[in-house]
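Novice: Dropping a prediction and its sequence here:
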Amino acid sequence: MDYNILIGGAAGQGVETLSSVFEKMLKRNGYKIFSIRDYMSRIRGGHNFAQIRFADRDLCSHTEDLDGIIALNNETIDYHIDRLKPDGFLVCDLSVRYEDDRIIKLPLMNTARNIGNIRVSGSVALGAVMGLLGLSLDDAGEIYNQFFRPDIADINTTAVLEGSKFVQTRYDLHALKEEENILINGNQAVALGALAAGCKFYSAYPMTPSTSIMDYLASKMNDAEIVVEQAEDEIAAINMAIGASYAGVRAMTGTSGGGFSLMVEGLGLAGMLEVPLVIAEVQRPGPVTGFPTRTEQGDLKFIISASQGEFPRMVIALRTPEDAFYQTVRAFNIADKYQIPVILVSDQFLADSVTTVKPFDFDEVRHDRYISREVDERPYKRYKITPSGISPRVIPGKIPGVTVMVDSDEHDEYGYITESAEVRTNMVDKRMRKIELLKQELQEPWFVGEEDCEVLMLAWGSTWGPVAEAVSILNTEGDKKYGALVFGDVWPLPTGLLLNKCKKAKRIVNVEQNATGQLASLVAETTGILCDFSVLKYDGRPMSPRYITEKVRGMK
Amino acid sequence: MCDMKFVTSETAWCPGCGNFNILEALRMALERLNKKPHEVLIVGGIGQAAKTPQYINANGFCGLHGRALPAAVAAKIANKDLTVIVNTGDGDSYGEGGNHFIHNVRRNVDITHFVHDNQIYGLTKGQASPTTGVGHVTSVQTAGTINEPLNPVLLAIALGAGFVARAFSGDKEHLASIMVEAIQYKGYALVDIFQPCVTFNRINTFQWYNSRVYKLDDSYDPTDRIKAMEKAMEWGDRIPIGVIYREEKPAYCDKIGFLKEGPPLVDMQVDMDKIKGYMKDFI
């Protein structure tokens, strides 16, 4: 079993909350979920929707065909009825003048009006859908109370129960045993990862689709004792995070591509000062304002090379909410160990996609700070030349008589400005040595598919789910053996498994959500391996497994 | 180098530069306050004044041009035990860093901002700064500066700063006493310091300032905001130096319960059980 329901309406009609309530109801009924959000850059009007896919097994991607639609406005019908399966249903208000056998017109508005608030019409529709599916509404009251104050929760609960009475059960799904899962999106997982990592300072400027990281952290500010500061701009945001990190706390900033563009000089500062820093870059289509609320993987080559000059950095692309949590923790440990900036790359697709995942294993979470509590020589050399390139780090103010000097100018071992050619060369070498050490702990990409695949797809980050599902579909067709490598660590690029798999593959296909094939270019630059075919998408909408399978089947 | 006393070192400044007295007054102020070098963080951006952290044996952070304030306030938030002082220039503070100046007045983190205001760009060799007077001829403003100069003291008072002062590097004792007061102030404190640039500013010289500045005495009440704004606008033949405006108000760290009551953020432990409990938000 595998169902796909779309909830659509205008901005301001409550599509987001209704979708979240529906997801929680499905989860309480024991189902696994993968849902996506599609919204416009406006506060009222327009057309927003969520697509909620659920099944009795783990899901890693959205799909296109719809089993059901809740249409809170006419546009929802216009835009999406083409994707509704022949035996699907569409729930809308009686007033809708659209004729189709699949449409179930119900007195959503009148019922809502009778209950006392026109805004609960969506809940009436949701009740009808739950009724059609044959699922329990036992937890409805409790779930609504998570979103609304008690009186509003009550009328929504009434609405959902009223709605369920309008329909006969059609699908006869029953409640499964609810597993101990959590329902979380990519941004929330990054935020929870930051808290688990002991992040104590987060400074950012609001920018879609990164803002919900700040939202979640801010909701925990007092309880978790983390300072969340809304900066006056992204330049301030990154310089604040660097200042806080210099002073010894774990610090992070987050933004999207436009904000990251403003942060670039600060990124270089973290590299030069050797101050640990974690940055989340949640991509949206650019350049500039681009497609503010949509998805793309267009910033890879920019992120790996942003800033003048050369310094070590690490770039980790996030693939799933689970990956986002653990990689965020890892990013803090690596930033501290190597005293470098670590950039977590996500995108709107992952940021807003809600998935059921196993509860995160907090026993896996380590805080490796690599901070020295004493110095072996005075005056302290903040930039002591060492074989690894990593200099013992001391926190300012923590050791009487020891001061910590850092400078964005090229500096000597003490942190003092230098004009010396020799010191310059030694310092560049020292910094760059760190990346050689870092390369030894890179994580190989995830592999999915037939071990000795003839067709090897290369992808990175959030396309993991759609690619994995596409590989599985293609392999059931049996004509060829398919596999995919999906990179998490992208800079430095781990090449072990890549070289190994490419040796055996007859066709190498890069699958990317951008127009120029940036991963393919990075792979070529690093290994000399050229891709034979590209599956690209840059319309701002996430690629589906079907999009990939059709392109791959069609390749010459 | 002595670990427990403030010592200044050789600089890259021009002989006769107004920065020397500022550095010396800073040393005097820190000694008078019985601070120890490891307890103090001096932050600079980029420019000649911004090299101050390099020349005194405290913790030092020389960051990006214009970005000293964000780094400084965050360091203070991270460790409220540090005495955080920004020493940087007029171009850094009011030009490249203008946005941060505005918003850090609003933020009111307990740091001290000493602006070495020489009304010119020194390190880039003599272009107009935000405080350069109208008509001042430079290598770029060849027909004389046509833009109105920014009045940082007036602006800071208008923005709601709780401690705003003007000082003159030619009067080291007075400067040091203002610095002591500014560092002791709980909140964001701005001291705009007239600092003659002997190489690139041939107008606003030691003599120019000497003949104009006068010290505010006890008859002046710095707690009246409107009067302070009038005082801030006094410019020309007579320019007041001293504390122009002073108002006690809660600083950033006093407005956040756990920062106010708890240990410095850098010493706070992470309660892993509590954070693990946040997974309940996602059930």
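Specialist: Sure, I can see it.
Novice: which SSE is A:Ile7 in?
Specialist: Secondary structure from DSSP states H and E places A:Ile7 in strand A:2-11.
Novice: next one: A:Ile36
Specialist: strand A:32-38.
Novice: what lines up beside that strand in the sheet?
Specialist: Partners of strand A:32-38 in the sheet, by DSSP bridges, are strand A:45-55 (antiparallel), strand A:354-357 (antiparallel).
Novice: contacts for the helix or strand that the last one is followed by?
Specialist: Once strand A:354-357 ends, the next helix or strand along the chain (criterion: DSSP H and E) is strand A:405-407. Among residues not part of strand A:405-407, those counted as contacts by Cβ atoms under 8 Å, 6 or more residues apart in numbering or on different chains are A:246, A:273-275, A:382, A:411, A:414-417, B:53-54, B:59-62. Backbone N, C-alpha and C define where each C-beta goes, glycine included.
Novice: just stretch A:38-46 next, same as before
Specialist: Stretch A:38-46 has contacts (Cβ under 8 Å, 6+ apart) with A:10-12, A:15-16, A:47-51, A:208, A:292-294, A:541.
Novice: let's see 6 Å
Specialist: Applying Cβ atoms under 6 Å, 6 or more residues apart in numbering or on different chains, the set of residues contacting stretch A:38-46 from outside is A:Ala10, A:Ala11, A:Gly12, A:Asn48, A:Phe49, A:Pro292, A:Thr293.
Novice: Now do the buried residues in that stretch.
Specialist: Judged by neighbour count using 16 or more other Cβ atoms under 10 Å in any protein chain shown, the buried positions of stretch A:38-46 are A:Asp38, A:Tyr39, A:Gly46.
Novice: what's the closest non-adjacent residue to the residue of the stretch 101-250 of chain B found nearest chain A?
Specialist: Using Cβ to the nearest Cβ, B:His103 is the residue of the stretch 101-250 of chain B that sits closest to chain A, at 3.8 Å. Excluding its sequence neighbours, the residue lying closest to B:His103 (Cβ to Cβ, 6 or more residues apart in numbering or on different chains) is A:Glu232, at 3.8 Å.
Novice: From B:Ile226, how far off is that neighbour?
Specialist: 27 Å (Cβ to Cβ, to the nearest Å).
Novice: ok, now A:Gly122?
Specialist: Distance of A:Gly122 to B:Ile226, computed by Cβ to Cβ: 54 Å.
Novice: coming back round to it: buried subset of the contacts of stretch A:38-46 as a PyMOL selection?
Specialist: A single PyMOL command is used to select the members of those judged buried by 16+ other Cβ under 10 Å:
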select buried, chain A and resi 10+11+48+49+292+293
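Novice: Would you tell me which residues of the stretch 1-150 of chain B are close to chain A?
Specialist: Residues of the stretch 1-150 of chain B found near chain A (Cβ under 6 Å from any Cβ of the partner chain) are B:1, B:3, B:37-38, B:41, B:54, B:58-64, B:67, B:70-71, B:74-75, B:77-79, B:82, B:99-100, B:103.
Novice: can you do 7 Å?
Specialist: B:1, B:3-4, B:36-39, B:41, B:54, B:57-64, B:67, B:70-75, B:77-79, B:81-82, B:99-100, B:103 (Cβ under 7 Å from any Cβ of the partner chain).
Novice: returning to what we had before: can the strands paired with strand A:32-38 go into JSON lines with extra columns for mean pLDDT?
Specialist: Listed next are those as JSON lines, based on pLDDT from 0 to 100:
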{"stretch": "strand A:45-55", "mean pLDDT": "94"}
{"stretch": "strand A:354-357", "mean pLDDT": "97"}
